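Student: Just a sequence and a predicted model for now, questions to come.
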Amino acid sequence: MKLIIIRHGDPDYEHDTLTEKGVREAKLLSKRISKLDVKAFYCSPLGRAQDTASYTLEKMNRSAETLPWLCEFEGKILDGLKLVQCWDRLPSQWTKYPEHYDYNSWYNSKIMKHSNVKKKYKEVCNGLDELLKKHGYEHQGNIFKVNNSNHDTIVLFCHFGVECVLLSHIMSCSPMVFWHNFVALPTSVTTLITEEREEGIAAFRCQQFGDISHLYAGGEEPSFAARFCECFGDDTRH
């Protein structure tokens, strides 16, 4: 099986839609994805993901099932008197907790445990497990039991934060590393394929992460969403 995870296009967060640039990105993405033989499409309920998916779906005369747990990851922690996203912490803040590198205990660190982070993480993990089981692959510990070996391609339109949660659960790794040491730019394509060298057993391998070759092919510069300043001394982003 092939699992494709796509981040939405350049976002207008205020209106939960796409910028003009995001629309151009989504149209270029649609040229790429519409060439694939896709078994099923799934989408976040948020507008920016729905809008991104719409160009591909229209081109292919298809529809997508909306899954609530594919919305942007909603785990929040307390920073002073404010609730903030748990997955956008400065390097000096998150790296000092050894638990953050452990799949089974990252959400039990001092800054995570008194929050909704574990609950929200498990909701996404459970949703993903149900979806993969529906398509023939049942999560059992660190591997997948193959109930129906297949060559199906399924596509998810979602968000960077929740994409990292999906990858962390599939690979039994802490999402903190994906959130902070990787970046998937708008309309980027991440592709996972099953490895089934043992009868009845599968693992997922990442064939591509955050691929934006469709943007380069269309002469569109990558967006800056999720990219930060390269150097502390100036505001240049790379």
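Tutor: Ah, there it is. Residues are numbered from 1 along each chain as shown.
Student: make it CA atoms for all contacts and neighbour counts henceforth
Tutor: OK.
Student: Can you give me the distance of the spatially most central residue of the chain to residue 206?
Tutor: The centre of the chain sits closest to residue 163, judged by Cα atoms, centre = their mean, with a distance of 1.4 Å. As defined by Cα to Cα, to the nearest Å, residue 163 lies at a distance of 13 Å from residue 206.
Student: How about residue 19?
Tutor: Taking Cα to Cα as the measure, residue 19 falls 29 Å from residue 206.
Student: Look up the closest residue to residue 18, ignoring the ones flanking it.
Tutor: If the residues on either side of it in the chain are set aside, residue 18 comes closest to residue 11, at 4.6 Å by Cα to Cα, 6 or more residues apart in numbering.
Student: Enumerate every residue touching that neighbour.
Tutor: Contacts were defined as Cα atoms under 8 Å, 6 or more residues apart in numbering; by that measure residue 11 touches 17-19, 22, 48, 186, 225.
Student: Swap in 7 Å and give it another go.
Tutor: Taking Cα atoms under 7 Å, 6 or more residues apart in numbering as the contact definition, residue 11 lies against 17-19, 22, 48.
Student: Of those, keep whichever come out buried.
Tutor: Among the contacts of residue 11, those buried by neighbour count (16 or more other Cα atoms under 10 Å) are 17-19, 22, 48.
Student: would you list those residues in a markdown table and tack on pLDDT?
Tutor: Rendered in a markdown table, the data for these read as follows (pLDDT from 0 to 100):
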| residue | pLDDT |
| --- | --- |
| 17 | 98 |
| 18 | 98 |
| 19 | 98 |
| 22 | 98 |
| 48 | 98 |
